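1. Just to be clear, the model below is a prediction. Sequence and coordinates:
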Amino acid sequence: MAISSFAKRALAVAVMAAGLSACGSDDDTVVVLPPDTLDFEVTVYNDTAAQPLSPVVVGIHSATMSLWSVGLSASVPLETMAEGGNADDLAAMFTDTNVAVLGAGAIGPGNYEKLMISAEDRTEMKLSLASMMVNTNDAFTGLNAIDVSGLMVGDSMSYTLPAYDAGTEANSEAMGSIPGPADGGEGFNAARDDTMNKVSRHPGLVTQADDAMSVLLPDHRISGTVGRVVITRTN
Ligand SMILES: [Ca+2]
Ligand SMILES: [Ca+2]
């Protein structure tokens, strides 16, 4: 039976204390246990009708790191992912003991992908995830700093995926402005022509039923949640 991360930390402290108490005697050996690595399986489900999800970035990080904050302007790496679907720069934000993995490819409507990620055991273990709905200007989804430090081996946590607006590109859904298969238009553009310039829950897509300039059809709409994530600790 596996020992919980908390129990291992307590054991490490006890061993260290025993080592320290031995100082001054003939036996001054201090035992330092190597950091444990925790393994997680992260399954991402796309529940939309017609919105492929761009290759997902999943990371585990400290409490001081955050990929975005609702109400604040998006970072350039988030803007890059939310407008064009490329999460490489977001993944590069995970440095030192913060780790990230990228999905193998886009996740189509009704499909899912399992990603494996391992991270050094520590007190703060936050899991974040991000992906673009590619038939949009700058709509994305994800999880922001979910605490996985207390998850036991074999246990799972499930979350629904909300739709966010990066606030970095106007929601015209016009021809030439959407990188996904509904349009094949532009992805990332460094200009910020969305008057909000802040991350928010997505207000809803403009379709041809709303505005003849839009290239989107009713199936492209996103309402409520766009998918689910199941996080399972495997080791
Ligand atoms: Ca927008
Ligand atoms: Ca932009």
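-> Structure received. What you see is a predicted model, and the numbers here were worked out from it, not measured in a lab. Numbers count the residues shown, from 1 in each chain. Ligands and ions are numbered 1, 2, ... in the order given.

2. what's the closest non-adjacent residue to the closest residue to ligand 2 within the chain?
-> Here the residue of the chain nearest ligand 2 is Thr168; by C-beta to the ion that distance is 4.1 Å. C-betas here are computed from N, CA, C, even on glycine. Nearest non-adjacent residue to Thr168, counting by C-beta to C-beta, 6 or more residues apart in numbering: Glu79, 4.3 Å away.

3. What is the neighbour count of the one you found?
-> Per other C-beta atoms under 10 Å, the neighbour tally for Glu79 reads 26.

4. can I assume it sits in a helix?
-> Yes. Applying DSSP: H, G, I helix; E, B strand; the rest coil, one finds Glu79 inside a helix.

5. Could you pull up the residues touching it?
-> Shown in contact with Glu79 (C-beta atoms under 8 Å, 6 or more residues apart in numbering): Asp138, Ala166, Thr168, Phe188, Ala190, Arg192.

6. Could you identify the helix or strand that succeeds the least confident helix or strand in the chain by mean pLDDT?
-> Ranking every helix and strand in the chain by mean pLDDT, DSSP states H and E puts helix 5-21 at the bottom, with a mean of 43. Counting by DSSP states H and E, the next helix or strand C-terminal to helix 5-21 is strand 37-46.

7. Spell out which strands sit alongside the helix or strand following that next one in the sheet and which way each one runs.
-> Sequence-wise, the next helix or strand downstream of strand 37-46 (DSSP H and E) is strand 57-61. Partners of strand 57-61 in the sheet, by DSSP bridges, are strand 99-102 (antiparallel), strand 126-132 (antiparallel).

8. got the CA positions of the first one in CSV?
-> What it means is strand 99-102. Below are the C-alpha coordinates for strand 99-102, written out as CSV (Å, rounded to 0.1, in the frame of the first residue of the first chain):
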residue,chain,number,x,y,z
VAL,A,99,7.0,21.2,-15.2
ALA,A,100,4.7,21.0,-18.3
VAL,A,101,3.8,18.6,-21.1
LEU,A,102,2.1,19.3,-24.4
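
9. Quick one: mean pLDDT for it?
-> For strand 99-102, mean pLDDT rounds to 98.

10. Equivalent analysis for stretch 145-155, please.
-> Over the span of stretch 145-155, the pLDDT mean works out to 96.

11. Go through that stretch and flag the buried ones.
-> Ala145, Ile146, Val148, Ser149, Leu151 (16 or more other C-beta atoms under 10 Å).

12. residue contacts, the residue of the chain closest to ligand 2?
-> Thr168 neighbours (C-beta under 8 Å, 6+ apart): Ser73, Ala74, Glu79, Ala82, Glu83, Asp138, Arg192, Asp194, Asn197.

13. of the strands paired with strand 57-61, which approaches ligand 1 most closely?
-> Closest of those to ligand 1 is strand 126-132, at 11.6 Å (criterion: C-beta to the ion).

14. so does the closest one get close to ligand 2?
-> No. On the criterion C-beta under 5 Å from the ion, strand 126-132 is out of touch with ligand 2, staying 12.5 Å away.

15. need the next SSE after that strand, C-terminal direction.
-> strand 139-147.
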